[in-house]
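Visitor: have a look; sequence and predicted model below, questions after that.
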Amino acid sequence: MSTASRLSELTGDYVFDTARTRIAFVARHTLSTRVRGQFDAFTGGAHLDGDQPSASHVWLTIQAASIRTGNRQRDALLRGKFLDTDAHPTLGFTSTEVAQVDDAHYKVTGDLSVREVNRQVTLDAVLTGSESDAHGGLRVDFRGGVTVHRKDWGVDWNAATTLMIASKVLLEFDVTAIRGATCAS
């Protein structure tokens, strides 16, 4: 499905296609249940440098209140007690380093901001494809994630929360980005 035969052909500024991008998470609840959710409102972009991947960068801003797990009561609890979206309306990621591992795999290090707390994380990212769209634009697809400890960002509620919900949360992304728009990070 890839139309770009060389990495250098992907160089340019991209914006995330919000209709085809998923920013999600998975958290273990009690002993065997996993809660899956996603954020529905976000903006993001990247500058890709195919000749020098270390010169690439990415940014993402998420509207925290757009969290959705399929359970209204849980969503309200996450917005209020865990993320405190009234006081902290956005979550964000800004890369500080991109390292190419092989032809398709990258390590993207950056600052993850949750509840106004910034911590450095390193995402594993895989370039899964690129293709021209019907309008002549170039689209690239990346997927990957990182496991974080939610307590590092103060995402906790009470002692019962610690017993019922694991501290580790898997953050996942499946991004389609379109070349041609200017990134404003």
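Guide: Yep, that arrived. Since the model is a prediction, treat every value here as computed from it, not as a measurement.

Visitor: in the chain, what residue spans correspond to helices?
Guide: Under the criterion DSSP state H, helices of the chain are mapped to 72-77, 159-164.

Visitor: of the ones you listed, which shows the lowest average pLDDT?
Guide: If you rank the helices of the chain by mean pLDDT, helix 159-164 sits at the bottom with a mean of 54.

Visitor: where do the strands sit along this protein?
Guide: Remark: strands assigned in the chain by DSSP state E are 12-16, 22-29, 33-39, 42-48, 57-63, 67-68, 90-100, 105-114, 117-132, 138-149, 165-179.

Visitor: tabulate the CA atom coordinates of the second one in CSV.
Guide: Once non-C-alpha atoms are left out, strand 22-29 reads as follows in CSV (Å, rounded to 0.1, in the frame of the first residue of the first chain):
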residue,chain,number,x,y,z
ARG,A,22,-7.2,7.1,17.4
ILE,A,23,-5.6,8.2,20.7
ALA,A,24,-6.5,5.5,23.2
PHE,A,25,-5.6,3.8,26.5
VAL,A,26,-6.0,0.5,28.3
ALA,A,27,-6.0,0.1,32.1
ARG,A,28,-6.5,-3.0,34.2
HIS,A,29,-9.5,-2.8,36.5
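
Visitor: report the angle between that strand and strand 42-48.
Guide: 110 degrees (axes from the mean of the first three to the mean of the last three CA atoms, to 10 degrees).

Visitor: could you do the longest one as well?
Guide: For strand 117-132 and strand 42-48, the angle between their directions (the same axes, to 10 degrees) works out to 70 degrees.

Visitor: how near is the closest residue to residue 58 other than its chain neighbours to residue 67?
Guide: Of all residues not flanking residue 58 in the chain, residue 46 sits nearest, at 4.2 Å (CB to CB, 6 or more residues apart in numbering). For the C-beta atoms, the positions are set from N, CA and C on the backbone; glycine is no exception. Residue 46 sits 23 Å away from residue 67, going by CB to CB, to the nearest Å.
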